[in-house]
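**Student:** following is a predicted model, sequence given first.
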Amino acid sequence: MAVLLQRIAWACDSEALDTVTPTMQSAIYQERQSFAAWVWVLIAALWVSVIVSTWAVWREWSAAPPAERHLGDLTGVLIGFAVMAIVHGLLGGIRITVMQDQLTVELRYWPIPVRIPVATIQACRPVTYSPLRKFGGWGVRGSWSGIRAYTARGRRGVLLYLDGGRRALLGSDDPETLAAVVGRLGIKVLPPSEDVEAPV
């Protein structure tokens, strides 16, 4: 619960979310984006529901005669905890780091970052879009047109045009700055658009 309250506090404090970290020797720019406060309120409510349900099931199970106790009766509880743990992990926030040779996208509780070599980026563009209509929400998503999105909140980001016709969308509260930093690596920065399908 303390972790959830801390996440909610982070989501309400924009200065704690978007940071440039000069101490990282190879990092030029770094931005961290957390999910909105209402998401963590919802997660907290779901955790309370799971804990209460678990207590009720355990109480009934332990009160039954030993001959009538079956571990299979606890399967639903274990599945509930596993699902909540996975959801909590995936909603830990996203950190974008720009380096001289690559961009990395890290999920807070996911050990393997997504690496985008600078050599594969042909252009970038600040965009404003509808997360629900285009991607069905936030998180690691894909569109029907093949765009891979890494977002945590809001409706703004930087669209990367990659080689082979691939595209990636990085959620950002300050897409103009992020695009400008990528531009300093020799990448063409296109004018802002409200269409994530805009061509190069």
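**Tutor:** Arrived safely.
**Student:** who's residue 193 bridged to?
**Tutor:** residue 127 (DSSP bridges).
**Student:** quick one: low-confidence residue ranges for this protein.
**Tutor:** 1-25, 35-40, 43, 71-73, 86-92, 108-111 (pLDDT under 70).
**Student:** and residue 165, how far is that from residue 60?
**Tutor:** The gap separating residue 165 from residue 60 is 56 Å, by Cβ to Cβ, to the nearest Å. Where you see a C-beta, it was placed from the backbone N, CA and C, and this is true even at glycine.
**Student:** same check on residue 103?
**Tutor:** According to Cβ to Cβ, residue 103 stands 51 Å off from residue 60.
**Student:** name the residue in the two with the higher neighbour count.
**Tutor:** Legend: neighbour count by other Cβ atoms under 10 Å for residue 103 and residue 60, higher for residue 103 (28 against 10).
**Student:** that one is in what secondary structure piece?
**Tutor:** strand 102-107 (DSSP states H and E).
**Student:** buried residues in that strand, which are they?
**Tutor:** 102, 103, 105, 106, 107 (16 or more other Cβ atoms under 10 Å).
**Student:** centre of the chain to that strand, how far?
**Tutor:** Centroid displacement of strand 102-107 relative to its chain, using Cα atoms, centre = their mean, to the nearest Å, is 11 Å.
**Student:** which elements pack onto it?
**Tutor:** Applying 3 or more Cβ pairs under 8 Å, 6 or more residues apart in numbering; DSSP states H and E, one finds that strand 102-107 contacts strand 94-99, strand 114-117.
**Student:** adjacent strands (with direction) for the last one?
**Tutor:** Just to be clear, that refers to strand 114-117. strand 102-107 (antiparallel).
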